[in-house]
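Enquirer: Curious how this folds, go ahead:
(chains A, B, C and D)
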2 protein chains.
Amino acid sequence: MGIFSKTCEYALRAVFFISQKTSEGGRVSIKDIAIGIDSPEHFLAKILQDLSKRGLVQSAKGPNGGFFVDETTLKRPVAEIVEAVDGNGIFVGCALGLKECSEKDPCPLHNQFKTIRDEIHSLLRTTNIGNFNEELILGINSLKR
Amino acid sequence: MGIFSKTCEYALRAVFFISQKTSEGGRVSIKDIAIGIDSPEHFLAKILQDLSKRGLVQSAKGPNGGFFVDETTLKRPVAEIVEAVDGNGIFVGCALGLKECSEKDPCPLHNQFKTIRDEIHSLLRTTNIGNFNEELILGINSLKR
DNA sequence: TGATATTAATACCTTTTTATCCTTTTTACA
DNA sequence: TGTAAAAAGGATAAAAAGGTATTAATATCA
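Expert: Numbers count the residues shown, from 1 in each chain, chains lettered A, B, ... in the order given. Next up is the predicted model:
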């Protein structure tokens, strides 16, 4: 496994895709998202259902429905998606899984990983969901394959 | 989940523990390791069995048997344990799970995560298994709780 | 030398988590 | 008001984590 769970990978790609397609209005269906990011459709449905409950994407049922992101959502940090799906285990906590690992009582890798965790966290806090729309539209960035 | 899988967390703690206890000679039993790092004993047995096959720890059966590390193993980089257990997904590959993500055809997070991956990799390549023996003996570092 | 106790290795089973698929409900519109 | 489009919800499958029991190896001692 990579840095994030598979679920989280799909979630991030899906949200970037939805953001790109709907930031100027409109909706996009699960089917189109699944095609656009090359993910299993029904699994993606479950993920989006959850993100929708948390307000990290918006949705509308029925014909002409679909997923979209509103103004506010565009500005939310990517870290919130990661946290919603994978929890905050990647930002805080011990690399060796110790409950009480800290400056005072550190595991052998504490200091080194503290730095790295902080970098990941600040990276994901300072980039927001709508950040990549332009690059995606221009084809500079990819979400598929 | 944190950076590593649970299996990998146990593996790292176990190897550090064995290293600390046996770098000057002697053996340590699964039971004592399990107690020393607070892990499920039989699950740990399976992990160590695998590491032993790969030569990342040494083992001896029978009375006075147990696990230990030899001179050569002490100098092997921690990255090898991570790679043996979790694979290299944390060092290479795409944060969003894309197969063909690269400089040429990058995902939105490619550049940012390339840096972070490289840091993790070089950190784990430059620290070796025996690196923490002193700190562990002195009680500066912890492997339990 | 043979019996025994000690220890890791192997095989198999249960539980939990993660990933995937199938069914139901909602809703716009003809 | 019937129908098709779409998301929401529920059931299932696969993988990871953890537990139980058995087997194999070996040092030691009678």
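Enquirer: Give me the neighbour count for A:Pro63.
Expert: A:Pro63 has 6 neighbouring residues, counting by other C-beta atoms under 10 Å in any protein chain shown. Where C-beta positions appear, they are placed from N, C-alpha and C, glycine not excepted.
Enquirer: So what does it look like in phi/psi?
Expert: In terms of degrees, to the nearest 10, the main-chain angles of A:Pro63 are phi -60, psi 140.
Enquirer: Quick one: name the residues of chain A near DNA strand C.
Expert: A:1, A:5-7, A:40-43, A:45-46, A:60-65 (C-beta under 7 Å from any atom of the strand).
Enquirer: Go again with 10 Å.
Expert: A:1-2, A:4-11, A:30, A:34, A:39-47, A:49-50, A:60-65, A:85-87, A:89 (C-beta under 10 Å from any atom of the strand).
Enquirer: can you pull the pLDDT of A:Cys101?
Expert: If you check A:Cys101, the pLDDT there is 95.
Enquirer: Double-check it against A:Cys107; I have them as touching.
Expert: Yes: with contact defined as C-beta atoms under 8 Å, A:Cys101 and A:Cys107 form a contacting pair (4.7 Å).
Enquirer: Quickly list what's touching both of these two.
Expert: Counting by C-beta atoms under 8 Å, 6 or more residues apart in numbering or on different chains, the shared contacts of A:Cys101 and A:Cys107 are A:94, B:142.
Enquirer: A:Asn128 against A:Leu74, yeah?
Expert: Yes: counting by C-beta under 8 Å, A:Asn128 touches A:Leu74, with 6.8 Å between them.
Enquirer: Where do the strands of chain A begin and end?
Expert: Ranges of strands within chain A are A:58-60, A:66-68, based on DSSP state E.
Enquirer: and these, which is most packed in?
Expert: Most buried of the strands of chain A by mean neighbour count (mean count of other C-beta atoms under 10 Å in any protein chain shown) is strand A:66-68; its value is a mean of 21.
Enquirer: Check chain A and tell me which residue is nearest its centre.
Expert: When C-alpha atoms, centre = their mean is applied to chain A, the residue found nearest the centroid is A:Leu12 (3.2 Å).
Enquirer: Give me the below-cutoff pLDDT ranges for chain A.
Expert: When residues are selected by pLDDT under 70, none of them lie in chain A.
Enquirer: Which one's more surrounded, A:Cys101 and A:Cys107?
Expert: A:Cys107 (26 against 23).
Enquirer: number of nearby residues for A:Thr126?
Expert: So A:Thr126, with other C-beta under 10 Å, has 12 neighbours.
Enquirer: which residues touch the closest residue to it other than its chain neighbours?
Expert: Counting by C-beta to C-beta, 6 or more residues apart in numbering or on different chains, A:Thr126 lies nearest to A:Pro77, which is 7.1 Å off, once chain neighbours are set aside. The contact partners of A:Pro77, by C-beta under 8 Å, 6+ apart, come to A:124-129.
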